[in-house]
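Student: predicted model and sequence follow; I will ask about them next.
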Amino acid sequence: MRQKILIVEDEEKLRRVVELQLRSSGFEVEQAGTVEQGLKLIDSVDLILSDLRLPGKDGIEFLRLIRQQNSHVPVVLMTAFGTVENAVEAMKIGATDFLLKPFSLDHLIAVVNKALELGKLRDENRQLRQELGQRFQLDNIIGRSQAMQEIFATVMRVAPTRATVLLAGESGVGKDRIARAIHQHSPRKDKPFVKINCTAIPENLMESELFGYEKGAFTGANQSKPGKFEQADTGTVFLDEIGDVPPAIQVKLLRILQEREFERLGSNKTMKIDVRIVAATNVDLRAALEQGTFREDLYYRLNVVPLNIPPLRDRKEDIPVLAEFFVEKLGRELESPVRTISKNAVAKLMEFNWPGNVRELENVLERSIVLAEGPELSAGDIRLDTAPAGRQHAMASNSFLPEGMTLDQYEQQLIKEALKRANGNKSQAARLLGLTRNAFRYRLDQMGMDSSDGE
């Protein structure tokens, strides 16, 4: 059955041109000249192509009315007055994509096909959330909670596509494993999987690391070198800690997502690239948008299929099955006689808050197995992490802060301690404090300390 597209455009000539192109590409077409006419047809179409400026209500209002009717039909907005702000506002309230006039007819068809593919994917995800199976494990990712069941289902549906995925969650929840699972269940599974830790790369080296450089591009560039994106061509790029990418690199990533092209440092030659991007963050990127440290247009390009991975403390029903899996796995790897865990030991694990999430649980069980005396891990064998002495002292009294210290003084002490533990590495210090690199540099500036990227 042919897919049907609704064109909402008050300019009759343009409407006719677009209609002819869509029909020649195999689509059925409905037409409307106003929002009121278009609203009567939204239930019978697979995609809506609407002008932004319409008589009476505009395209943004049209989009809001569509979503208020609980319709999930994909919407692509067209405008000759397009700005990034218009596009971002439209995508915030549910637009799938946008077209800036004038556009080529080939580009029109490419955007329409992409929007239809994403619409189908989102419909399948909604259906899967209603029909979740009992899958407890996916590529060594364990979970029987409803939250993890939804994640497994989404991974299996999104993996075969090339849709960009944004993984959000605290450090240690397993974003890396989920990214690898998406790659392994995709048509690209035999192609490269390249992980880029955006926090670990100094800002002044990030462009050359990601996009490569030509011989002579800078002092010491004695030969040309491909970047991470070239190494991942035809495969998957995993951008970990995407919130730490500086603004200049954000622009280049946006171009990769939109145009699939880039230039090496020191070169004018444009290179095409075929990569699937999975990004991850342990901070709220929406807060970064408000602070102006992260581009809105890049965020909405990355946030095509968002996956929010809950912390372990919010899905404690996963702890027993995780504990059993890790004990059996670690006991074998460590050549330990320990292969099982007692109910009392599991109960002790359930009582803990797990600030480090699944990674911390695995580390605790590994330490406990190494020091255990019997073949079964008992409650007495479980060695949980305790808060540092300074933190215990600070929280021991009824005061939130150590005695005689202001909030600013306490924050400065924490920042200095983080820098000390990170041996002066600002990126690592920021991670210890759970801050983005930009947020950490801002605090250093406020303290009158050097915030440059020299480590």
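Tutor: Looks like it came in fine.
Student: pick out the residue closest to the middle of this protein.
Tutor: Within the chain, one residue has its C-alpha closest to the average C-alpha position: by Cα atoms, centre = their mean, that is residue 166, at 2.1 Å.
Student: tell me who's in contact with it.
Tutor: With contact taken as Cβ atoms under 8 Å, 6 or more residues apart in numbering, residue 166 is in contact with 242, 278-281, 302-307. Backbone N, C-alpha and C define where each C-beta goes, glycine included.
Student: let's see that with 10 Å instead.
Tutor: The neighbourhood of residue 166, defined by Cβ atoms under 10 Å, 6 or more residues apart in numbering, consists of 239, 242, 277-281, 285, 299-308.
Student: next structured bit after the helix or strand harbouring it?
Tutor: Using DSSP states H and E, the element containing residue 166 is strand 165-168. Later in the chain than strand 165-168, the nearest helix or strand by DSSP H and E is helix 175-184.
Student: just the CA coordinates for that next one, please, in CSV.
Tutor: As requested, C-alpha coordinates have been extracted for helix 175-184 and formatted as CSV (Å, rounded to 0.1, in the frame of the first residue of the first chain):
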residue,chain,number,x,y,z
LYS,A,175,25.9,3.3,28.5
ASP,A,176,29.0,1.8,26.9
ARG,A,177,27.5,-1.7,26.8
ILE,A,178,24.2,-0.4,25.4
ALA,A,179,26.1,1.5,22.6
ARG,A,180,28.0,-1.7,21.7
ALA,A,181,24.7,-3.7,21.8
ILE,A,182,23.2,-1.3,19.3
HIS,A,183,26.2,-1.7,17.0
GLN,A,184,26.3,-5.5,17.4
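Student: check which helices and strands that helix sits against.
Tutor: Other elements packing on helix 175-184 under the criterion 3 or more Cβ pairs under 10 Å, 6 or more residues apart in numbering; DSSP states H and E are strand 137-138, strand 141-142, helix 146-158, strand 165-168, strand 193-197, strand 236-240, strand 276-281, strand 305-308.
Student: can you add mean pLDDT and give those back as a markdown table?
Tutor: Supplementary listing: the helices and strands packed on helix 175-184 in a markdown table, determined by pLDDT from 0 to 100:
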| stretch | mean pLDDT |
| --- | --- |
| strand 137-138 | 67 |
| strand 141-142 | 84 |
| helix 146-158 | 90 |
| strand 165-168 | 95 |
| strand 193-197 | 95 |
| strand 236-240 | 96 |
| strand 276-281 | 96 |
| strand 305-308 | 92 |
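Student: including distance to residue 100, could these go into TSV?
Tutor: Conversion of the helices and strands packed on helix 175-184 to TSV gives the following (distance: least, Cβ to Cβ, whole Å):
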stretch	distance to residue 100
strand 137-138	40
strand 141-142	40
helix 146-158	28
strand 165-168	24
strand 193-197	30
strand 236-240	26
strand 276-281	22
strand 305-308	24
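Student: residue 1: which of these is closest?
Tutor: Comparison of these against residue 1 by Cβ to Cβ identifies helix 146-158 as nearest, at 21.6 Å.
Student: so which bits of the closest one are buried?
Tutor: Residues of helix 146-158 classed as buried by neighbour count (16 or more other Cβ atoms under 10 Å): 148-158.
Student: next one: stretch 335-355
Tutor: For stretch 335-355, burial by neighbour count (16+ other Cβ under 10 Å) applies to 336, 338, 341-342, 345-346, 348-349, 352, 354.
Student: of the residues you listed, closest to residue 93?
Tutor: Nearest member of these to residue 93, counting by Cβ to Cβ, is residue 354, at 36.0 Å.
Student: look up how far residue 311 lies from the closest one.
Tutor: In this view, residue 354 and residue 311 are 7 Å apart by Cβ to Cβ, to the nearest Å.
Student: hmm, back to that, from the buried residues of helix 146-158, which is closest to residue 181?
Tutor: Using Cβ to Cβ, the shortest approach to residue 181 within the buried residues of helix 146-158 belongs to residue 155, at 5.4 Å.
Student: list the contacts of the closest one.
Tutor: The contact partners of residue 155, by Cβ under 10 Å, 6+ apart, come to 135, 138-139, 141, 165, 178-179, 181-182, 184-186, 305, 307.
Student: 6 Å - rerun?
Tutor: 181-182 (Cβ atoms under 6 Å, 6 or more residues apart in numbering).
Student: residue ranges with poor pLDDT in the stretch 251-400 of the chain?
Tutor: When residues are selected by pLDDT under 70, those of the stretch 251-400 of the chain lie in 386-400.
Student: what ranges does it have for its helices?
Tutor: Taking DSSP state H, counting those that start in this stretch to define them, one finds helices in the stretch 251-400 of the chain at 285-291, 296-302, 319-333, 343-351, 357-371, 389-396.
Student: give me the contact list for the third one.
Tutor: For helix 319-333, the external contacting residues (Cβ under 6 Å, 6+ apart) are 142, 144, 338-339, 341, 346, 349-350, 362, 365-366, 369, 377.
Student: can I get that helix as CSV, trimmed to CA atoms?
Tutor: Output for helix 319-333, consisting of C-alpha atoms alone and laid out as CSV, is shown next (Å, rounded to 0.1, in the frame of the first residue of the first chain):
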residue,chain,number,x,y,z
ILE,A,319,20.2,-6.3,41.9
PRO,A,320,19.6,-10.1,42.6
VAL,A,321,20.0,-11.1,38.9
LEU,A,322,23.0,-8.8,38.4
ALA,A,323,24.6,-10.2,41.6
GLU,A,324,24.2,-13.8,40.5
PHE,A,325,25.5,-13.0,37.0
PHE,A,326,28.6,-11.2,38.3
VAL,A,327,29.4,-13.7,41.0
GLU,A,328,29.4,-16.6,38.5
LYS,A,329,31.4,-14.6,35.9
LEU,A,330,33.9,-13.1,38.3
GLY,A,331,34.4,-16.4,40.2
ARG,A,332,35.3,-18.1,36.9
GLU,A,333,37.6,-15.2,35.7
